[in-house]
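> Fold the following.
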Amino acid sequence: MSTKTPFLSFDEAINHLRGLGHCKVVAEETSLYEAYGRVLAEDIIATCDLPPLDNSAMDGYAIAQGGSEQTSFPVVMEIFAGSMPETPLKPGEAARIFTGAPVPEGADFVVPQEDCSESEADGERRVELSRSYPAGCNIRRKGEDQTKGAPIVKAGTLLRPQEIAAAASIGLGQLKTYRRLKVGVFSTGNELIRPGTERQDGQIFDANHFLLRGMLANLPVELIDLGILADQRDVVESALEAASKQCDVILTSGGAGGGDKDFVSATLSKLGKTTFWHLAVKPGRPFMVGELPDCVFIGLPGNPVAATVAFAFLARPLIEALAGSGFGEAPRQYIEADFEISNRKTGRREFLRGRRVVSDEGVKLTKYHSDGSALLSSLTFADGFIELKEDVTSVQKGDLLPFVSFDEIGLR
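Numbers count the residues shown, from 1 in each chain. Below is the predicted model of the structure:
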């Protein structure tokens, strides 16, 4: 049965969603080629020291100075990457060496080739140093990057190119990752149509689908497009019942407002357990979350900015947790305001559309001229959200305000 919680606070909503955030997907072996954007299911442990041997950080000469002040040395060997030194260097000797090549035993440091000169006389090659170098200079030590047996990437990490490269560097061809979370997305409303079709009077294009599709693209999910559902009870019920068997998560915009023709809540109450919230959040007050037999339902507001705020700060961390990467909140930066607000209504969390402006005075925040929850123009203006907590009564120029960059919430 559906329940209503009047004006639930932002923090209360986060805590409730955190309790729902248990991983819903199984782990599977995944090729490195397919692992980008997946969530790692078990730690990656270094199988070897990296680098495996002391090696040269540049093209030059390995020098065995032996504590002397000698500046001229005979070149007794050449060492290339992929080869091994034939013998150790004796004090007073040098080896021509190339980037990545193993440093011979006995070498004190490597001199860049541009800081020395080589000559040859009577069949003997010699190198002359132009200045002194400290011991160990330009030598990459064995294990300084990774040590055998140490964890190098933790389970729950969303795999980026750098984590994949770290796995490749120790020879791993496959990783254990979670399969992608299946997220079904639909919109509700007789007035909605998809772009590319001819619009009739009273119809509007479904912009929210593309907002959500884009924000989901940065998450470890498989998107399933469930289309637009008409405001008809039998259509909604049939679609949700079928989707609950196909998807791990069902995500909708619209249908969370509780109106006479919003049949989503009634259908969810029939199929499972759902909670309808009036959040003390602006924009983004109506929000639904439910648990069906095999999936989680998330219902966002219909207005584009409200849907974006609700997805970014409520739905996104829950989806990340369900996908195996843990429940995390977007990091905040604190930046000076370059605007003022007086007599602000307290008691609700507010997210203003803001932009960082760089000048000789540093970075400051400006805000969009209107706070309407249906204004897509405010999102194209902004590069992040300015967060005003419940007890903020006013904003003065120079106040440090929390700012969430769009880069942190998938709006890039």
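> Am I right that F73 is in a helix?
No. Checked against DSSP: H, G, I helix; E, B strand; the rest coil, F73 lies outside a helix; its state is strand.
> Chain neighbours aside, what residue packs nearest to it?
Once flanking residues are discounted, F73 sits nearest to A94: 3.8 Å by CB to CB, 6 or more residues apart in numbering. The C-beta positions use only the backbone N, C-alpha and C, and glycine is treated the same way.
> so the one you found, which of the three states?
Under the three-state scheme (three-state DSSP), A94 adopts strand.
> Tell me how many other residues crowd it.
Applying other CB atoms under 10 Å, we find 28 residues neighbouring A94.
> beta partners for it?
Counting by DSSP bridges, A94 is bridged to I63, V75.
> Walk me through the domains of this structure.
For the chain, whose domains are defined here by automatic domain parsing, the residue ranges read 3-25+180-322, 37-49+146-178, 55-140, 333-409.
> Can you add mean pLDDT and give those domains back as CSV?
Shown next, in CSV, are the domains of the chain (pLDDT from 0 to 100):
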stretch, mean pLDDT
domain 3-25+180-322, 88
domain 37-49+146-178, 96
domain 55-140, 95
domain 333-409, 96
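> Quick check: which of those is buried the most?
Burial among those, expressed as mean neighbours by mean count of other CB atoms under 10 Å, is greatest for domain 3-25+180-322, which shows a mean of 19.
> and the strand of greatest length in the chain, what other elements does it pack with?
With DSSP state E setting the assignment, residue counts place strand 349-359 as the longest strand in the chain. The elements that strand 349-359 packs onto, with contact taken as 3 or more CB pairs under 8 Å, 6 or more residues apart in numbering; DSSP states H and E, are strand 281-282, strand 362-367, helix 376-381, strand 384-388, strand 400-405.
> partners of it in the sheet?
strand 281-282 (parallel), strand 362-367 (antiparallel), strand 384-388 (antiparallel).
> Just say helix, strand or coil for D11.
Each residue gets one of three states, and D11 gets helix by three-state DSSP.
> so how far is I298 from it?
Distance of D11 to I298, computed by CB to CB, to the nearest Å: 18 Å.
> ditto for L388
Relative to I298, L388 is positioned 24 Å away (CB to CB).
> Same question for V25.
Using CB to CB, we find V25 at a distance of 16 Å from I298.
> was I right about V26 contacting Y178?
Yes. Taking CB atoms under 8 Å as the definition, V26 is a contact partner of Y178 at 7.0 Å.
> out of the domains of the chain, nearest to S31?
Comparing these against S31 with CB to CB, the closest turns out to be domain 37-49+146-178 (5.7 Å).
> quick one: contacts for I63?
Going by CB atoms under 8 Å, 6 or more residues apart in numbering, I63 touches F73, L89, A94, A107, D108, F109, V110, V111, L129, Y133.
> Just the C-alpha atoms of the helix or strand containing G214, please, in PDB.
When secondary structure is defined using DSSP states H and E, the element that contains G214 is helix 207-216. Written as PDB, here are the backbone C-alpha positions of helix 207-216 (Å, rounded to 0.1, in the frame of the first residue of the first chain):
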ATOM      1  CA  ALA A 207      13.100  16.100 -23.600                       C
ATOM      2  CA  ASN A 208      13.300  14.300 -20.300                       C
ATOM      3  CA  HIS A 209      14.100  11.000 -22.000                       C
ATOM      4  CA  PHE A 210      17.200  12.500 -23.500                       C
ATOM      5  CA  LEU A 211      18.300  14.100 -20.200                       C
ATOM      6  CA  LEU A 212      18.000  10.800 -18.400                       C
ATOM      7  CA  ARG A 213      19.500   8.800 -21.300                       C
ATOM      8  CA  GLY A 214      22.600  11.100 -21.200                       C
ATOM      9  CA  MET A 215      23.000  11.000 -17.500                       C
ATOM     10  CA  LEU A 216      22.700   7.200 -17.400                       C
END
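> contacts for stretch 359-369?
Counting by CB under 8 Å, 6+ apart, stretch 359-369 makes contact with 335-339, 352-357, 375, 377-378, 381-382, 386, 401, 403, all of which sit outside it.
> for stretch 14-27, same thing?
Under the contact criterion CB under 8 Å, 6+ apart, stretch 14-27 has outside partners 8, 41-42, 176-181, 248-249, 275, 289, 291, 295-296, 313-314, 317-318, 320-324, 326-327, 329.
> Would you work out how far apart the start and end of it are?
For stretch 14-27, the first-to-last residue distance is 26 Å (CA to CA, to the nearest Å).
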